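In: Sequence below, structure please.
(2 chains)
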Amino acid sequence: MNAPLLELVDVRRQFSVSAGLFRGKRTLHAVNGVSLELRRGEVLGLVGESGCGKSTLGRMLLGLLPVSAGEIRLEGRPLAATSTRDLARRVQPIFQDPYSSLNPRKTIGAIVGLPLDVHNIEPDARARTRRVKETMERVGLPVRFFHNYPNQLSGGQRQRVAIARALVMRPEILICDEPTSALDVSVQSQILNLLEDMRREFNLTYLLISHNLAVVEHIATRVAVMYLGRIVEEAETAALFRAPRHPYTRALLASVLTPEPGLGVPDTHLGVSYPNPIDPPPGCTFHPRCAAAMPVCHARAPVALGDTLGRVECHLYDSGVS
Amino acid sequence: MSALLQVEGLRVDIPTPMGLLHAVRGVDLALEAGETLCLVGESGCGKSLSALALMGLLPRAARRSVSRFSFAGEDLPAASERRMADLRGNRMAMIFQEPMTSLNPSWSIGNQLEEGWLRHRGGPASAARERALHLLDRVGITGAASRIGQYPHQLSGGLRQRVMIAMALMCAPALMIADEPTTALDVTVQAQILHLLKELQREFGMGLILITHDLGIVARVADRVAVMYAGEIVEEGPVARLFGRPAHPYTRGLLDCIPVPGRLAHGMRLGTIPGVVSPPIGALAGCQFRNRCSYAEEACATRAFGLRELGGGQRLRCRLEEATAA
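Out: Presented below is the predicted three-dimensional model:
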């Protein structure tokens, strides 16, 4: 097995939020003890509902947000000890909304080339232009767009600009946060194919953050399921989709609407609401929505149990709990 | 049995700096009570504008024309704005994609729920409050009595969409139009909301027009499907037939684009539809899909195609014979 390219050790991130006008500050544990490995060449899918902390995790990996506790290591070296420039050379983001993540007043050439300027990587103007144009061609953006502005491009073309901007640094890792959820299905498939081509061509490693399980199943090699700031299950993609173990994973998979007429809309039995992350339930944070909850789940938080299949954090699989 | 809704020749034109945009170009729709029709297509295909045209909610600049528009036995092509206002929120109701922008942030949800009832039914406020509480409970909002005084910002996205649904149901409409009702929601919440919509549809016997670009949703909730492209219906039919034997190259393209767990081996490429929708502006001839279609030939650029029966209720607007679909 490869050594991890990126490693998270008990990473935590807290935010201080106002609980009301006169109630002072309270602590929100957005990421609450996540340990995870990203191995070279893999696509790790990170799935979960809004508010589970998956985007916060992504921002910490990009160095945009410091960790509150724990450590992130890039090839064994703490991220905190890595310079911004080094980090940006190796880890690049692709965000969800290609409408708001591109500066409307810059040309496509300037947007794609900006990371090079910021990090002073290709000081020679001609070499810089060549590199930008090469990257644009690689992602299927006609070079004639070099002097165009984002509003002259379609959503799919804009997302290609975002991908070109990330690839122009020749990074090793791409953090893709919902890269296709703002796009039409026909454009989504083009972008997913492109991401897969780029991964092979440049030997990239992806962290794919998404709530679309069909997309994750299609391109991820391994999946981590996140719930209220913790990874509750992790497994190879095929194994996870064949035999999900955590009740939450099972509910997530049950809610995927595959295009099969006649099956109707599944009842997920999840209850109405996602809990307020400021006020997480005691014990296992999933127990109020869990159909398989036992008395112990109300009282004690489960610990992660690792085995050959992966890892699951649930009392159902803990032989010490009866 | 006469249909709940029968629309023929619906057109919507919008003037733009580039010329007249023919956003909806002769759409025919029919819906029975209790039936679900899904309108599906990419952004800009005219599905939302068709719905807004039915509700009489088009932007001011848009021009609507329709040769036949009958709803619950009443002919409405030339209905006054006042008559449409009497029907809206009463006999026909609509829910939108983004519940945050369609709820008024400065009104309590109780007031917003009751407004429509008081406008259409009148009577004492206590009756409206009672109905609102009943429906909030019915759409799965626990503790309705404490929620009813809350404001939209105090609710999660899923709860807001439930409030929107309760609001649409206040006057027990005969027709509900839902425009991408779950696009902004998590998958788990999406399944719950759709489950609820179908349940309520059965309970109230409503006709439901659901607009979505998600073919997974279409397969699971529709009785009939109409696929729209550049303002026209290019294929329609019963859901099982349309997914089982899609005939239009666009329908087939859409189905090939979506990742389906277990369908493709790992590392296989998804299907794509090359190019983008070109907006139907100015004088149009032939099939608008032709420049993205791998079956296109010369005739497609000039000939106008009508919707042709393929049998089993399936209709196709394309020169291709069904045989090529197999």
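In: ok, now which ones touch the residue positioned nearest the centre of chain A?
Out: Nearest to the mean C-alpha position of chain A, counting by CA atoms, centre = their mean, stands residue A:209 at 2.4 Å. Taking CB atoms under 8 Å, 6 or more residues apart in numbering or on different chains as the contact definition, residue A:209 lies against A:46, A:54-55, A:57-58, A:175-178. (C-beta placed from N, C-alpha, C; glycine too.)
In: Could I get the pLDDT score of it?
Out: The predicted structure scores residue A:209 at 94 on the pLDDT scale.
In: Distance check, it against chain B.
Out: 13 Å (CB to the nearest CB, to the nearest Å).
In: ditto for residue A:302
Out: With the distance defined as CB to the nearest CB, residue A:302 ends up 20 Å from chain B.
In: in the chain, which spans are strands?
Out: By default, I'm working from chain A. All strands of chain A, identified by DSSP state E, fall at A:4-18, A:25-39, A:43-47, A:69-74, A:77-78, A:91-94, A:173-177, A:205-209, A:222-227, A:230-236, A:305-307, A:310-312.
In: Please refer instead to chain B.
Out: B:5-16, B:19-31, B:36-40, B:63-65, B:68-71, B:74-75, B:92-95, B:175-179, B:207-212, B:224-229, B:232-238, B:308-311, B:314-316.
In: Those into a markdown table, with extra columns for mean pLDDT, distance to chain A and mean neighbour count?
Out: Putting the strands of chain B into a markdown table (pLDDT from 0 to 100; distance: least, CB to the nearest CB, whole Å; neighbours: other CB atoms under 10 Å in any protein chain shown) gives the following:
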| stretch | mean pLDDT | distance to chain A | mean neighbour count |
| --- | --- | --- | --- |
| strand B:5-16 | 95 | 15 | 18 |
| strand B:19-31 | 94 | 17 | 20 |
| strand B:36-40 | 97 | 10 | 25 |
| strand B:63-65 | 93 | 25 | 15 |
| strand B:68-71 | 94 | 27 | 18 |
| strand B:74-75 | 91 | 32 | 11 |
| strand B:92-95 | 94 | 16 | 24 |
| strand B:175-179 | 95 | 13 | 24 |
| strand B:207-212 | 96 | 10 | 24 |
| strand B:224-229 | 96 | 9 | 25 |
| strand B:232-238 | 96 | 9 | 24 |
| strand B:308-311 | 91 | 17 | 13 |
| strand B:314-316 | 95 | 13 | 22 |
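In: Turn the strands of chain A into CSV, columns for distance to residue B:47.
Out: As requested, the strands of chain A are arranged in CSV below (distance: least, CB to CB, whole Å):
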stretch, distance to residue B:47
strand A:4-18, 39
strand A:25-39, 37
strand A:43-47, 29
strand A:69-74, 44
strand A:77-78, 51
strand A:91-94, 29
strand A:173-177, 28
strand A:205-209, 29
strand A:222-227, 33
strand A:230-236, 37
strand A:305-307, 47
strand A:310-312, 41
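In: just to revisit the earlier point, the contacts of residue A:209 into TSV, with extra columns for neighbour count, distance to residue A:92 and pLDDT?
Out: TSV is the format used below for the contacts of residue A:209 (neighbours: other CB atoms under 10 Å in any protein chain shown; distance: CB to CB, whole Å; pLDDT from 0 to 100):
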residue	neighbour count	distance to residue A:92	pLDDT
A:46	30	17	96
A:54	26	18	90
A:55	20	16	88
A:57	30	16	94
A:58	21	12	92
A:175	28	7	95
A:176	26	10	95
A:177	22	12	92
A:178	19	16	90
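In: So for the residue lying closest to residue B:257 once chain neighbours are set aside, what's the pLDDT?
Out: The shortest distance from residue B:257 to any residue that is not its chain neighbour, by CB to CB, 6 or more residues apart in numbering or on different chains, is 3.9 Å, and that residue is residue A:189. Residue-level confidence at residue A:189 comes out at 92, pLDDT.
In: In this structure residue A:189 contacts residue B:274, no?
Out: No: with contact defined as CB atoms under 8 Å, residue A:189 and residue B:274 do not form a contacting pair (11.0 Å).
In: Looking only at neighbour counts, state which of those two leads.
Out: The neighbour comparison of residue A:189 against residue B:274 (other CB atoms under 10 Å in any protein chain shown) goes to residue A:189, with 26 against 11.
In: Contact partners for residue A:146?
Out: With the criterion set at CB under 8 Å, 6+ apart, residue A:146 makes contact with A:107-109, A:132-133, A:136.
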